[in-house]
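[1] build me a model:
(one chain, ligands or ions: 1)
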Amino acid sequence: MFLSFCLLFPLIPVILALFLFIPFARFSSASKTKKNQPPSPPKLPIIGNLHKIGLNPHRSLQALTQAHGPLVLIQLGSVPVLVASTAEAAREILKTHDVIFANRPKLSIPDTLTYGSKNIAFSQYGEYWRQVRSIAVLALLSSRRVQSFKRVREEETRLLIDKIGENCGSLVDLGDLLNSLTNNIVCRVALGRTYHGMKFNDLLSRFAYLLGAFSVGNYIGWLSWVDRLSGLEARTKKVAEEFDEFLESVLEEHINKKRAVEGDIGGENYENQDYVDILLDAQRENTTNFILDRDIIKATIIDVFAAGTDTTFAAIEWAISELIRHPKVMKKLQKEVSEIAQGKSMITEEDLEKMNYLHAVLKETLRLHTPLPLLISRKSTEYVNLMGYDIPAGTQVIINAWAIGRDPSLWEDAEQFKPERFLNSCIDFKGVHFEFLPFGAGRRGCPGIQFAIVINELVLANLVYKYDLALPDDVRGEELDMSEYTGLTLHRKFPLLVVPNPHF
Ligand code: HEM
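    Okay, the predicted model is just below:
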């Protein structure tokens, strides 16, 4: 399930009606006597535990876990959902029983936005998913491809640094600039060029918002009219249509460019190809076991925006926020970066490897501000006994990676930002350490780790190398408001406004 409850509001009248007219009921499910189900909090009729979720589901689900244990079975409307919030439970799901939990639930909003879940992230587990994922890895996310986009990343980072330089001493919306930077990088490597303008940015932000929106109909089928009445359904269709129009124009541009290039010099080499070129080639050369039709190509491009841009941007924004709040950490990082840069004008990607403290800062950020706090929901395909509990086939599963990252039994001073904890530690985010899961794990784990990390590190290193960042109105860094806004991705609630000055 794509769990985010920013659009839970349409349900409020229903919840109120239940509170007013239906006496509280503690549903002791009949099946419980037969099966050993995980503990469940008390439920209300019809809505089950929906009222317990609130606007920050990762926090409310953490509270449920603290009250009921590592595996909790909640009822969202008519849908039972298993919530796992400890490293041990995550290991059982993502490693021991990875195949059983490799499916995704089908949900109406992502389904509409991704041509019937034809993309990687929402497609059903099986041969189709395997093939589209491997095309994306080969064409965009493999080490070789990620390496080949080095120039794009360094150029865009330089543009960001220059833009900030033009505004030294003035108030800058750093979040906005970082958002544009990630969009530009992703557009250039995936689509071949940048796309600017209010209209495109607005489309992307409506798209990201809807991906995190809550659809009543997914959980209480007979209330699906609420989604129509609230306008959610219409808004989703409109964004899907606008995105489709945009992607059609991108495909046409590529097809025309290909014709022109072939006419001229007989073809383009691999290194100069963007993601769309490679997908169109695979279509023409019929290299997949299924027909790579236009909708599949468009859905696969959507993955890059849906899974890749907002997450990458959120990670950098939280990292800068924590550095502003922790001046000593900022100084230590600036020292490391400056020593390695040795006075050159920009940090390059070759320099990053030596920056151990930078790696630790990024890991600590991803631990405390996991960009997808609840990963992407899974769905079991067969019955399984999980940590002694009976879990039937078809159960939706949420893994609260955010809560695991803050589990005080795993992390000392779990709520504190202390990058040092990662300095002499082998823990990383590649999906083998279940106490630290910002990219998930197992076969549905994130394939974009390398793509994202190098952007994050390059931008962070250059920002702190070139600038000191202060809060406006002489507010101390430690006082920066860290409130969250939860959509699909966890973002800062308030813009990150800073006053940059050259760092010497
Ligand atoms: C800091 C940045 C990123 C974070 C934190 C992140 C995190 C995640 C997480 C938690 C999942 C779900 C894993 C699971 O279910 O176990 C995921 C899936 C995915 N991510 Fe990322 N991601 C990031 C960047 C990217 C980038 C840059 C791309 C591509 C350009 C990408 C592409 C994908 C795709 C395609 C999936 C779906 C995989 C599948 O279902 O097989 N991600 N990501």
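[2] near the ligand, which residues of the stretch 251-400 of the chain are found?
    Asp303, Val304, Ala307, Gly308, Thr311, Thr312, Ala315, Pro371, Leu372, Leu375, Ile376 (CB under 6 Å from any ligand atom). Heads up, the C-betas are built off the backbone N, CA and C, glycines and all.
[3] tabulate those (a markdown table), appending distance to Gly394.
    Output for those, formatted as a markdown table (distance: CB to CB, whole Å):
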| residue | distance to Gly394 |
| --- | --- |
| Asp303 | 25 |
| Val304 | 30 |
| Ala307 | 24 |
| Gly308 | 29 |
| Thr311 | 28 |
| Thr312 | 33 |
| Ala315 | 33 |
| Pro371 | 28 |
| Leu372 | 23 |
| Leu375 | 19 |
| Ile376 | 17 |
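[4] strands - which of the residues you listed land there?
    Counting by DSSP state E, no part of these is found in strands.
[5] which stretches in the stretch 51-200 of the chain count as strands?
    71-76, 79-84, 172-173 (DSSP state E, counting those that start in this stretch).
[6] among these, which is nearest the ligand?
    Among the strands of the stretch 51-200 of the chain, the nearest to the ligand by CB to the nearest ligand atom is strand 79-84 (11.7 Å).
[7] name the helices or strands packed onto that closest one?
    Contact here means 3 or more CB pairs under 8 Å, 6 or more residues apart in numbering; DSSP states H and E; on that basis strand 79-84 packs against helix 57-68, strand 71-76, strand 396-399.
[8] please save the CA atoms from that strand in PDB.
    Taking Å, rounded to 0.1, in the frame of the first residue of the first chain, the C-alpha atoms of strand 79-84 are listed here in PDB:
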ATOM      1  CA  VAL A  79      -8.200  -4.500   4.500                       C
ATOM      2  CA  PRO A  80      -6.000  -6.200   7.100                       C
ATOM      3  CA  VAL A  81      -2.500  -4.800   7.000                       C
ATOM      4  CA  LEU A  82       0.500  -6.200   8.800                       C
ATOM      5  CA  VAL A  83       2.900  -3.600  10.200                       C
ATOM      6  CA  ALA A  84       6.500  -4.600  10.900                       C
END
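[9] what comes into contact with it?
    Residues from elsewhere that reach strand 79-84 (CB atoms under 8 Å, 6 or more residues apart in numbering): 1, 38, 48, 61, 64-65, 70-75, 90, 92-93, 218-219, 377, 386, 391, 395-400.
[10] same check, this time on stretch 344-362
    For stretch 344-362, the external contacting residues (CB under 8 Å, 6+ apart) are 150, 153-154, 157-158, 161, 315, 319, 322-323, 329, 332-333, 336-337, 340-341, 419-423, 453-454, 456-458, 460-462, 465.
[11] tell me the buried residues in that stretch?
    By neighbour count with 16 or more other CB atoms under 10 Å, stretch 344-362 contains the buried residues Ile347, Thr348, Glu349, Asp351, Leu352, Met355, Tyr357, Leu358, His359, Ala360, Val361, Leu362.
[12] what residues does the protein have near the ligand?
    Listed as neighbours of the ligand in the chain under the rule CB under 6 Å from any ligand atom: 120-121, 133, 141, 303-304, 307-308, 311-312, 315, 371-372, 375-376, 438-441, 444-448, 451-452.
[13] name the nearest residue to Tyr485, ignoring sequence neighbours.
    Closest residue in space to Tyr485, ignoring its immediate chain neighbours: Lys493 at 4.2 Å, by CB to CB, 6 or more residues apart in numbering.
[14] from Gly175, how far off is the one you found?
    Distance of Lys493 to Gly175, computed by CB to CB, to the nearest Å: 11 Å.
[15] between those two, who's got more neighbours?
    Gly175 (21 against 10; other CB atoms under 10 Å).
[16] just the pLDDT at the more buried one, thanks.
    Looking at Gly175, its pLDDT is 95.
[17] got any ranges where the chain has weak pLDDT?
    The chain contains residues with pLDDT under 70 at 1-34, 262-271.
[18] pull the longest helix from it.
    In the chain, with assignment by DSSP state H, the single longest helix is helix 232-265.
[19] so after that helix, what's the next helix or strand?
    Per DSSP states H and E, the first helix or strand lying C-terminal to helix 232-265 is helix 275-285.
[20] mind listing what's buried along that following helix?
    Neighbour counts over helix 275-285 (16+ other CB under 10 Å) mark Tyr275, Val276, Asp277, Ile278, Leu279, Leu280, Asp281, Ala282, Gln283 as buried.
[21] equivalent analysis for stretch 478-495, please.
    Residues of stretch 478-495 classed as buried by neighbour count (16+ other CB under 10 Å): Leu480, Glu484, Thr486, Gly487, Leu488, Thr489, Leu490, His491, Arg492.
[22] is it true that the third one touches Leu55?
    Yes. The pair Thr486 and Leu55 qualifies as a contact (CB atoms under 8 Å) at a distance of 6.4 Å.
[23] circling back: quick check: angle from the longest helix of the chain to helix 275-285?
    Here helix 232-265 points in a direction 80 degrees away from that of helix 275-285 (axes from the mean of the first three to the mean of the last three CA atoms, to 10 degrees).
[24] by contact count, what packs against helix 232-265?
    Using 3+ CB pairs under 8 Å, 6+ apart, helix 232-265 sits against helix 108-113, helix 198-211, helix 275-285, helix 294-303.
[25] helices of the stretch 301-450 of the chain, start to end?
    For the stretch 301-450 of the chain, the helices defined by DSSP state H, counting those that start in this stretch cover 310-325, 327-341, 349-352, 356-368, 401-405, 449-466.
[26] okay, now Ser224: neighbour count?
    16.
[27] wait, it touches Val216, no?
    Yes. Here Ser224 reaches Val216: they are 6.8 Å apart, a contact under CB under 8 Å.
[28] ok, now which ones touch the closest residue to Leu181 other than its chain neighbours?
    Leaving out its chain neighbours, the residue that sits closest to Leu181 by CB to CB, 6+ apart is Leu160, at 4.9 Å. Residues counted as contacts of Leu160 (CB under 8 Å, 6+ apart) are Leu177, Leu178, Leu181, Val459, Asn462, Leu463.
[29] tell me the buried residues within those residues.
    Buried among the contacts of Leu160 (16+ other CB under 10 Å): Leu177, Leu178, Leu181, Val459, Asn462, Leu463.
[30] can you list the strands of the stretch 51-200 of the chain in a markdown table and add distance to Tyr209 and mean neighbour count?
    A markdown table is the format used below for the strands of the stretch 51-200 of the chain (distance: least, CB to CB, whole Å; neighbours: other CB atoms under 10 Å):
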| stretch | distance to Tyr209 | mean neighbour count |
| --- | --- | --- |
| strand 71-76 | 20 | 22 |
| strand 79-84 | 22 | 24 |
| strand 172-173 | 19 | 17 |
